[in-house]
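In: generate coordinates for the sequence data below:
(2 chains)
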2 protein chains.
Amino acid sequence: MKLPLGFRYAATYAGIRKVKKDDVALIVPDQPARAAAVFTRNMVQAAPVKLAKENLRISKGKVTGVLINAGNANCATRTGERVALASCKALAKALKSRPEYIFPASTGVIGVELDANLLTAPLPKLVEHLDAGHFQAVAEAIMTTDTRPKIASEEVQFSGGPVRIAGMTKGSGMIHPNMATTLGFVMTDVVADAEELEEMLRPAIECSFNSLSVDGDMSTNDTVLLIASGASKVKPSGKERKQLQEIVTWVMESLAEQIAADGEGARKLIIVRALGFKTREDARKIARAISNSPLVKTAIAGSDPNWGRILSAAGYAGVEFNPDDIDIELQRVPVCRGGLAAKYDEDELKQKLDESEVRIRIVNRKGGKGEARFFTCDLTEGYIQINGSYRT
Amino acid sequence: MKLPLGFRYAATYAGIRKVKKDDVALIVPDQPARAAAVFTRNMVQAAPVKLAKENLRISKGKVTGVLINAGNANCATRTGERVALASCKALAKALKSRPEYIFPASTGVIGVELDANLLTAPLPKLVEHLDAGHFQAVAEAIMTTDTRPKIASEEVQFSGGPVRIAGMTKGSGMIHPNMATTLGFVMTDVVADAEELEEMLRPAIECSFNSLSVDGDMSTNDTVLLIASGASKVKPSGKERKQLQEIVTWVMESLAEQIAADGEGARKLIIVRALGFKTREDARKIARAISNSPLVKTAIAGSDPNWGRILSAAGYAGVEFNPDDIDIELQRVPVCRGGLAAKYDEDELKQKLDESEVRIRIVNRKGGKGEARFFTCDLTEGYIQINGSYRT
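Out: Numbers count the residues shown, from 1 in each chain, chains lettered A, B, ... in the order given. This next block holds a predicted model:
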């Protein structure tokens, strides 16, 4: 894995989590970096989310350090803003930078006070341990109920030389709308200003994190950051910028896919494609309704080719269509043609549905060019077990 | 239980279900009755739904027989319309009535052809067995994954004499939006025309079946029928009609509550009340978002007073509010005051959350007079077990 130049990483256990597992992490560019971010649209926003927004606004997208903690969302707490502010100040001091250049992010339980000392005490030492090789350690520190770290990277050759993009993320519960927190950090060593990064981030988010059933309705802490060190010294041409856009999207799609595949209790990644609908927005609504349907997700868990549930979910997505025009495929096997049962070998299809990746394809024969893809996972007993006792 | 006068009931096993359990049922008024109904708004509508609508339109709300089958939704099938039509014709013949006066309703699996003969063959005999005492048998015949029949009744004294209302319903899966089929049949012996029944049904549905997280987005077969035999010979006055409206609403609320309490795998009924929001619609959105949140539902299953999840669900409901104005109570115990943790005895509250009925109350201190109530249930491993292998 070729990491972007100009970034160093560090992680440690600070006592915020109950279990001894790294819970404070840093991503620090060698030089002030440029960044763009998207945040939750929840009415309830964690203190670090508000502060990260404010800092980016004041610094005009300049970032000298990213400070992440797991184990406590620092949301709906009396001391939330003070703690977030104190932690940025402490890191700025350790980095000889300014608090407005720090980008804070938290994940964990809501409504429990976060002890600022736990977060600030280890920072001076942590800064000393910063290392370009500790990327993986940070990816592990941000995990909550994730069973594995989620990372993705790409390298691209531009006329000025190679440019690298590497991202890490953490899972968001069941990957149902509005569930647990998603944090994503995507580093690149390309030369870009905050505005260019912003332009790159929006469409990439749409196809990745916002196509995870997290769309439009995020948790109190959801944050995805795109940050450029400029250390490659490569400034892409107009054409290359398009290519970069595509590669950033790939990296983020891969991260989103990994989140879905590692949903709480999930045994299967489900990829839903909706095609032939009037608009892209219509196709998204259809794909999202299918992705969010517990009946569809439990059927897939049981390798049950119950396409009636898929058709029914499409039917309540709020999109007009004629059921007679609908074809549905499961694992590329036609199960519904023109709204009616197709002939297929049930045992064979059941076997195909036992695979760890399940593809659902729904096509409107007479609709249009609108298409969309959504990532989700099956719904198993494991989800209930994890979430029935998360806090305790 | 005092049943409305002027109705007879019958149920039998016709071989539509795989297990030997009654699957065809009749509700037959002694004289042509008047009726109003609400149907699913799913784009995909079962053949019996389309035909029931059409019949009611042609007959101007006159009904001589209700024909219900379980085990097959008769939806997304090649022969759907023919089968529904044939079944209405067969019952009309047996009742010496007209097919347009028959109200058909089906529930069960989608996309599997329904053999018309199975449905029509037992009808002549079934009509012979009609009896006012077989109400309970019909309530049992319409069950799918329900663990118990769901019935409710009331009697009211009007100046002209007593009037009775009795309803039965069947569960709708997880009681998540857009899940399995809900069927509801509410009988009364009041004298009312179809228009008066329509006026009574709409607001009653709003507070009951549409406050079950089934709101706005129903399954392919959802149907609720209000049918009046007129056998009491009591025509309510204007004031009494208001009273009747209230009582019909009670009966339907009780049915909705029973559906929630018997949700698939559910151990607990959850009643969510949202108060102090700008409009009733805002309060409904908040209550619905909380009711639909798998994270909230699993927390309640685990008796975990995780109010952060409740606040977060409210936050993505699409309603503007200031989190600092929000109070949350669980089992009447304040757990969140002004968006922050309240002090409560966790062990004591956990015990209270072990009860079979859990009340969540969310209040916006500075909002307005909008309030709403929603019924839902906890989310347990049982739901996954039932739905991972429903078809097989």
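In: ends of stretch A:23-33, how far apart?
Out: Using Cα to Cα, to the nearest Å, one end of stretch A:23-33 lies 24 Å from the other.
In: may I see the buried residues of that stretch?
Out: Burial within stretch A:23-33, assessed by neighbour count using 16 or more other Cβ atoms under 10 Å in any protein chain shown, is assigned to A:23-29, A:32-33. Placement of C-beta: from N, CA and C, glycine included.
In: tell me the mean pLDDT over that stretch?
Out: Stretch A:23-33 carries an average pLDDT of 98.
In: tell me the secondary structure at the residue of chain A most remote from its centre.
Out: What lies farthest from the middle of chain A is A:Lys343; by Cα atoms, centre = their mean that is 38.0 Å. Judged by DSSP: H, G, I helix; E, B strand; the rest coil, the three-state class of A:Lys343 is coil.
In: list the contacts of it.
Out: Contact analysis of A:Lys343 by Cβ atoms under 8 Å, 6 or more residues apart in numbering or on different chains lists nothing.
In: if we can go back for a sec, run through the buried residues of stretch A:23-33 and flag the ones next to chain B.
Out: Filtering these for proximity to chain B by Cβ under 8 Å from any Cβ of the partner chain leaves nothing.
In: and those, which of them are in helices?
Out: Within the buried residues of stretch A:23-33, no residue falls in helices by DSSP state H.
In: and which of these is nearest to chain B?
Out: A:Asp23 (18.0 Å; Cβ to the nearest Cβ).
In: next one: phi and psi at the closest one?
Out: phi -140, psi 0 (degrees, to the nearest 10).
In: was I right about A:Ser219 contacting A:Asn42?
Out: Yes - at 6.2 Å, A:Ser219 counts as touching A:Asn42 under the criterion of Cβ atoms under 8 Å.
In: A:Val163 in helix, strand or coil?
Out: A:Val163 is classified as strand under three-state DSSP.
In: contacting residues around A:Ala287?
Out: A:Ala287 neighbours (Cβ under 8 Å, 6+ apart): A:211, A:272-274, A:362, A:372-374.
In: and whichever strand or helix holds it, how far out from the chain's middle?
Out: Here A:Ala287, judged by DSSP states H and E, is contained in helix A:280-292. Centroid separation for helix A:280-292 versus its chain: 18 Å, with Cα atoms, centre = their mean, to the nearest Å.
In: in it, what's buried?
Out: Within helix A:280-292, the residues that count as buried by 16+ other Cβ under 10 Å are A:282-292.
In: local confidence estimate at A:Gly173?
Out: Here, the pLDDT recorded for A:Gly173 equals 60.
In: again with A:Gln385
Out: Looking at A:Gln385, the pLDDT reads 69.
In: how about JSON lines for the buried residues of helix A:280-292, with pLDDT added?
Out: Listed next are these as JSON lines, based on pLDDT from 0 to 100:
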{"residue": "A:Asp282", "pLDDT": "96"}
{"residue": "A:Ala283", "pLDDT": "96"}
{"residue": "A:Arg284", "pLDDT": "93"}
{"residue": "A:Lys285", "pLDDT": "92"}
{"residue": "A:Ile286", "pLDDT": "95"}
{"residue": "A:Ala287", "pLDDT": "95"}
{"residue": "A:Arg288", "pLDDT": "90"}
{"residue": "A:Ala289", "pLDDT": "90"}
{"residue": "A:Ile290", "pLDDT": "92"}
{"residue": "A:Ser291", "pLDDT": "90"}
{"residue": "A:Asn292", "pLDDT": "84"}
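In: between A:Ser219 and A:Asn42, tell me which one has more neighbours.
Out: Between A:Ser219 and A:Asn42, counted using other Cβ atoms under 10 Å in any protein chain shown, the more crowded position is A:Ser219 (31 against 24).
In: helix/strand/coil for that one?
Out: Classified using three-state DSSP, A:Ser219 is coil.
In: okay, now the closest residue to it other than its chain neighbours: neighbour count?
Out: What sits nearest to A:Ser219 in space, not counting adjacent residues and going by Cβ to Cβ, 6 or more residues apart in numbering or on different chains, is A:Thr181, at 4.7 Å. By the criterion of other Cβ under 10 Å, A:Thr181 has 29 neighbours.
In: how about the strands in the stretch 251-392 of chain A?
Out: Ranges of strands within the stretch 251-392 of chain A are A:269-277, A:326-330, A:333-337, A:340-341, A:357-364, A:370-377, based on DSSP state E, counting those that start in this stretch.
In: break chain A down into its domains, please.
Out: Following the assignment in automatic domain parsing, chain A carries domains at A:7-261, A:269-387.
In: got JSON lines for those domains, with distance to B:Thr12 too?
Out: Shown next, in JSON lines, are the domains of chain A (distance: least, Cβ to Cβ, whole Å):
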{"stretch": "domain A:7-261", "distance to B:Thr12": "41"}
{"stretch": "domain A:269-387", "distance to B:Thr12": "26"}
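In: any idea which of those domains gets closest to B:Lys53?
Out: Of all those, it is domain A:269-387 that lies closest to B:Lys53, at 15.8 Å by Cβ to Cβ.
In: now the closest one: how far from the chain's centre is it?
Out: For domain A:269-387, the distance to the chain centre is 22 Å (Cα atoms, centre = their mean).
In: in chain A, where's the longest helix?
Out: Longest helix in chain A, counting by DSSP H: helix A:238-261.
In: send me that helix as CSV with only the CA atoms.
Out: Coordinates of each C-alpha in helix A:238-261 appear next as CSV, following Å, rounded to 0.1, in the frame of the first residue of the first chain:
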residue,chain,number,x,y,z
GLY,A,238,-7.8,20.0,-16.0
LYS,A,239,-8.0,16.6,-17.5
GLU,A,240,-6.1,15.0,-14.7
ARG,A,241,-8.3,16.6,-12.2
LYS,A,242,-11.2,14.7,-13.6
GLN,A,243,-9.2,11.5,-13.3
LEU,A,244,-8.3,12.4,-9.7
GLN,A,245,-12.0,12.9,-9.0
GLU,A,246,-12.7,9.4,-10.3
ILE,A,247,-10.0,7.9,-8.2
VAL,A,248,-11.1,9.7,-5.0
THR,A,249,-14.6,8.3,-5.7
TRP,A,250,-13.2,4.8,-6.1
VAL,A,251,-11.4,5.0,-2.8
MET,A,252,-14.5,6.3,-1.1
GLU,A,253,-16.7,3.7,-2.8
SER,A,254,-14.4,1.0,-1.6
LEU,A,255,-14.6,2.4,2.0
ALA,A,256,-18.4,2.5,1.8
GLU,A,257,-18.5,-1.1,0.5
GLN,A,258,-16.3,-2.2,3.4
ILE,A,259,-18.6,-0.5,5.9
ALA,A,260,-21.6,-2.3,4.5
ALA,A,261,-19.8,-5.7,4.4
